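Undergrad: sequence-free structure coming up:
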């Protein structure tokens, strides 16, 4: 394993931890059960990584069709955040449903911190020297989106359940549309 891969993995792990601790803090402020959150976080991360890998493999199917065993070589890199959001979000929602929690309230907290985690995680791209200018642009857009969501969370009370999630999904979609031509 290369040193940059180790740094990349460390940066991603730290961004997940920072987001997790932030959600835990917010959940405590709202008198929610943090045990529920950490259980949900486990399944979200597990299925998020699986979804991110599936998305990457589909995105680069021509390569993986020729080298099918490389599908399992996650240590060589290759995760697509869109797949992580989709499958991780599905796992989170399923877990919360089973635990009889208000899914939209929890998804709002997760969506609030997601762009912060994405911005921090982009430092992994910088460490790997991949998509450098794009990584910097996305960091800026992610921080702006996080700021907008934080303002909504802090000042729009009461707010409709799912509003932060909806705003995040729209905002991140715009970020991807703006940056996609640069890929």
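TA: Structure's in. What do you need? Predicted model only: the values in this text are computed from it and were never measured.
Undergrad: Give me the most central residue, this structure.
TA: Residue closest to the mean C-alpha point of the chain, counted by C-alpha atoms, centre = their mean, is residue 114 at 5.1 Å.
Undergrad: what about the closest residue to it other than its chain neighbours, distance to residue 175?
TA: Nearest residue to residue 114, sequence neighbours excluded (C-beta to C-beta, 6 or more residues apart in numbering): residue 168, at 6.0 Å. Quick note: C-beta positions are derived from backbone N, CA and C, even for glycine. Separation of residue 168 from residue 175 (C-beta to C-beta, to the nearest Å) stands at 10 Å.
Undergrad: Equivalent analysis for residue 128, please.
TA: Using C-beta to C-beta, residue 128 is found at 20 Å from residue 175.
Undergrad: farthest residue from the center of the protein?
TA: Distance from the centre of the chain peaks at residue 66, with 29.4 Å (C-alpha atoms, centre = their mean).
Undergrad: before we move on, the earlier item: who touches both of residue 168 and residue 175?
TA: Shared contacts of residue 168 and residue 175 (C-beta atoms under 8 Å, 6 or more residues apart in numbering): residue 145.
Undergrad: Compare those two and say which is more crowded by neighbours.
TA: Neighbour count, other C-beta atoms under 10 Å: between residue 168 and residue 175, residue 168 has more, with 24 against 19.
Undergrad: Can you name the residues that contact the more buried one?
TA: With contacts defined as C-beta under 8 Å, 6+ apart, the neighbours of residue 168 are 111, 112, 114, 115, 145, 149.
Undergrad: CSV for those, including pLDDT?
TA: Below are the contacts of residue 168 laid out as CSV (pLDDT from 0 to 100):
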residue, pLDDT
111, 96
112, 97
114, 96
115, 97
145, 98
149, 98
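Undergrad: So which of those residues is the closest to residue 55?
TA: For these, the closest approach to residue 55 (C-beta to C-beta) belongs to residue 114, at 15.9 Å.
Undergrad: sorry, back to before: just the ones in helices from the contacts of residue 168, please.
TA: When these are checked against helices (DSSP state H), the matches are 111, 112, 114, 115, 145, 149.
Undergrad: How much space separates the closest residue to the first one other than its chain neighbours from residue 38?
TA: Going back to what we said before, that points to residue 111. Nearest residue to residue 111 in three dimensions, chain neighbours excluded: residue 168, at 3.8 Å (C-beta to C-beta, 6+ apart). Applying C-beta to C-beta, the value for residue 168 to residue 38 is 21 Å.
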